[in-house]
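Q: Structure for this input, please:
(one chain, ligands or ions: 1)
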Amino acid sequence: MSNSLKSQFLLDPDVVFLNHGSFGATPRPVLEACQGFQLELEREPVRFLSIRARELLIESRAALAEYVGVGTDDIIYFPNPTTAINVVARSLADAYSTGNGKSAEGRPPLRLRAGDEILTSDHEYGAMERTWRYVCYRTGARFVQQHIPTPVTTQAEFVERFWSGVTPRTKVIFLSHITSPTALIFPLAEICRRARAAGILTVIDGAHAIGQIPLNLAELDADIYTAACHKWLSSAKGCAFLYTRPDIQPWLEPLVVSFGWENDHPGPSRYVDWHQWQGTRDLSPFLSVPAAIKFQKDNDWDAVRRRCHLMAIDTRRRIHALSDLEPICPEPVVPPAGAAIPDSAAWFCQMFSARLPQVNVDLLRKRMWDEYRIEAPLGPWRDQVRLRISFQGYNDQTDADTLVEAVTRLLPAVAL
Ligand SMILES: Cc1ncc(COP(=O)(O)O)c(C=O)c1O
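A: Residues are numbered from 1 along each chain as shown. A predicted model of the protein is given here:
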């Protein structure tokens, strides 16, 4: 089956691209919007950077804020989630900035001290784990990774298991919304609710969530949330955001200090002033977000997501039929036509992680590329071999069939 969306992406047609999750892929109209801003800048760099880009940034933040259901000034762009989480984690390791130990609103900001705990899972992204461990090295706090065994069962059981790691010393909960190694959608709403009641700060890494699953940050009610727009929202690369609940925005220190600190012309939001302007840099990926949102709207993204979700369920089933290994999560129930995808109890949406038997991983990866031109992350995780597959609008059934054919033929040849 041919797929008309495919022609809107610049991906090499000879590659079976099943790795949207790593860096995304940007559709042509969105890339053109981004490049249009770069060209506009070069015509009049001074006016563009000092006036026009600032106006465009407000428009872009407004479009993104509306998309995720929060206020325009509660969102700031960063090039990637690593930078955004560094702002948060390093602020928590910092000394008080206001001199009297109080934030501008009079509430003492959270600062980590020796013995405090940051509770997380053992499914997190390596760069984030390192950031938090660095902060622990600076402060003497502890990074506590609650073991989440697979297969996961129910959302309720996950919440209880995770919550059993909370102690009186837990000051921060850090969790992925959709995990990198296991592609699991973590049920966060109940955890955020309990954390708020317990006075624990929630910091969520939603790198894979925006654009892949419906996202309403007001409903989720995490304190802090970051996501990469260039992954599943398909903006130009180098675009992530950091949402912070208004009353804790004063807790965050600028990672890069520039004119927004001691601003000669303060804007309506100190949060935006302190973090947005970081010296001369290319802002065009940030400005491409409205085009990315429009692209998904113009192309009936709910239907695209549904098609990809169904393909993910079916392909995972076919891959697991090749071995007697138990999948890492139950199969999602598919909601009726017109209902939101994924179902609220679904553990994955457009991306899944399948277990493979013990094989020579390097050889399988090489042969999948050499013989089928399949681009998909494959590697060990814990004591298991994992293949992570992403389905995006440009993928079709032929891609899924090629993957299943490759795995079927190669697994016996690379078995250990
Ligand atoms: C769960 C998760 N968090 C964060 C990131 C961070 O991405 P970056 O290295 O672009 O900051 C990724 C990237 O794949 C990810 O999978």
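
Q: Quick one: neighbours of the residue lying closest to residue 40 once chain neighbours are set aside, just the number.
A: Leaving aside its chain neighbours, residue 40 sits nearest to residue 48 (5.8 Å; criterion: Cβ to Cβ, 6 or more residues apart in numbering). All C-beta spots, glycine's among them, are computed from the backbone N, C-alpha and C. Residues near residue 48, counting by other Cβ atoms under 10 Å, number 20.

Q: so what pLDDT did residue 48 get?
A: Looking at residue 48, its pLDDT reads 98.

Q: ditto for residue 109
A: Reading off the model, residue 109 has pLDDT 86.

Q: where's it relative to the ligand, distance?
A: 24 Å (Cβ to the nearest ligand atom, to the nearest Å).

Q: In three-state terms, label that residue for me.
A: coil (DSSP: H, G, I helix; E, B strand; the rest coil).

Q: Does residue 361 touch residue 377 like I think?
A: No - assessed by Cβ atoms under 8 Å, residue 361 is found out of contact with residue 377, at 10.8 Å.

Q: check contacts around residue 374.
A: Residue 374 makes contacts with 15, 16, 18, 368, 402, 403, 406, as judged by Cβ atoms under 8 Å, 6 or more residues apart in numbering.

Q: Let's see which of those residues end up in strands.
A: residue 16 (DSSP state E).

Q: Output the contacts of residue 374 as CSV; include the columns distance to the ligand and neighbour count.
A: Converted to CSV, these look like this (distance: Cβ to the nearest ligand atom, whole Å; neighbours: other Cβ atoms under 10 Å):
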residue, distance to the ligand, neighbour count
15, 19, 14
16, 20, 23
18, 15, 24
368, 20, 23
402, 24, 16
403, 20, 23
406, 23, 20
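
Q: what residues are up against residue 10?
A: Residue 10 neighbours (Cβ under 8 Å, 6+ apart): 25, 26, 28, 31.

Q: And residue 146, by the same measure?
A: Contacts of residue 146 (Cβ under 8 Å, 6+ apart): 119, 120, 121, 122, 161, 162, 164, 165.

Q: cool, and residue 65?
A: Contacts of residue 65 (Cβ under 8 Å, 6+ apart): 71, 72, 74, 75.

Q: how does this protein divide into domains?
A: The record, using automatic domain parsing to delimit domains, assigns the chain the ranges 4-27+300-414, 30-293.

Q: near the ligand, which residues of this structure show up?
A: 22, 80-82, 125, 127-128, 176, 180, 205, 207-208, 228 (Cβ under 6 Å from any ligand atom).

Q: Okay, and which of these map to helices?
A: Among those, the residues falling in helices (DSSP state H) are 22, 81, 82, 127, 128.

Q: Contact partners for the third one?
A: In other words, residue 82. Counting by Cβ under 8 Å, 6+ apart, residue 82 has contacts 127, 128, 131.

Q: now what about the longest helix seen in the chain, what contacts it?
A: In the chain, taking DSSP H as the definition, the longest helix is helix 301-320. With contact meaning Cβ under 8 Å, 6+ apart, helix 301-320 is reached by 5, 211-212, 296, 327, 331-332, 334, 340-342, 346, 348-352, 354-356, 387, 389, 391-393, 395, 397, 400, 403-404, 407.

Q: picking up where we left off before, surely the residue nearest to residue 40 is within a helix?
A: Yes - under three-state DSSP, residue 48 falls within a helix.

Q: related to what we said a few turns ago, out of the ones in helices among the residues of the chain next to the ligand, grab the one that's most surrounded.
A: Using other Cβ under 10 Å as the neighbour criterion, residue 81 leads these with 24 neighbours.
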